[in-house]
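Undergrad: sequence unavailable; structure follows:
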């Protein structure tokens, strides 16, 4: 079904569709039923926000978790080495296993950097075209120029079942 919208400045009227095929069919029906190509235009609009399912969030989070694990482990190793080497009785670090500190650092790094990378990946659209669901990324529009033409287009599209009766 179409969403109707009016641009009052230029007197353009818009029928918006979430499926490309529906917009193309509506455009073709209007041309076949007497509206000229000067009166009707087919267009698409990229969505203002990227749907999380259509973003690189998961891929970014996985990469961030991997990097965070390595960096956290290295930081844990650097923190635990002085205490392990000196092994002085009064040092609290000598009581902790270096392996435990490394694992703790890895876990914290994975969680923190994975979260940051995942959040930054939300705004990046998927790059693999086979993974993109166009209905969540684009809005397809049939733009009508003029109020009289809009009323005619509305009648035609209602008759053909492309839009609901108002």
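TA: Ah, there it is. Given the structure is predicted, the values throughout are model-derived calculations rather than measurements.

Undergrad: going forward, measure contacts between C-alpha atoms and count neighbours the same way
TA: Will do.

Undergrad: for the longest helix belonging to the chain, which positions count as buried?
TA: Longest helix in the chain, counting residues (DSSP state H): helix 57-86. With burial defined by 16 or more other CA atoms under 10 Å, the residues of helix 57-86 counted as buried are 57-77, 79-80, 83-84.

Undergrad: then stretch 154-166?
TA: In terms of neighbour count (16+ other CA under 10 Å), stretch 154-166 has its buried residues at 154, 156-157, 162-163.

Undergrad: mean confidence for that stretch?
TA: The pLDDT scores in stretch 154-166 average 80.

Undergrad: same thing with stretch 66-74?
TA: Rounded mean pLDDT across stretch 66-74 is 89.

Undergrad: tell me the domain boundaries of this structure?
TA: 3-51+133-159, 56-124 (automatic domain parsing).

Undergrad: which of the ones you listed is buried the deepest?
TA: Most buried of the domains of the chain, by mean neighbour count (mean count of other CA atoms under 10 Å): domain 56-124, with a mean of 18.

Undergrad: the chain: strands as residue ranges?
TA: With strands called from DSSP state E, the chain shows them at 3-7, 12-17, 40-46, 138-145.

Undergrad: any idea which of those has the lowest pLDDT on average?
TA: Of all those, the minimum mean pLDDT falls on strand 3-7 (a mean of 48).

Undergrad: still on that earlier bit, to residue 113, which of the strands of the chain lies closest?
TA: strand 40-46 (29.7 Å; CA to CA).

Undergrad: so what are the sheet partners of the closest one and their directions?
TA: When pairs are called by DSSP bridges, strand 40-46 turns out to pair with strand 138-145 (antiparallel).

Undergrad: which residues touch the partner strand?
TA: 11-20, 23, 26-27, 39-47, 150, 153 (CA atoms under 8 Å, 6 or more residues apart in numbering).

Undergrad: same deal with stretch 32-49?
TA: Here stretch 32-49 makes contact (CA under 8 Å, 6+ apart) with 23-24, 27, 30-31, 123, 136-146, 149, 153, 156.
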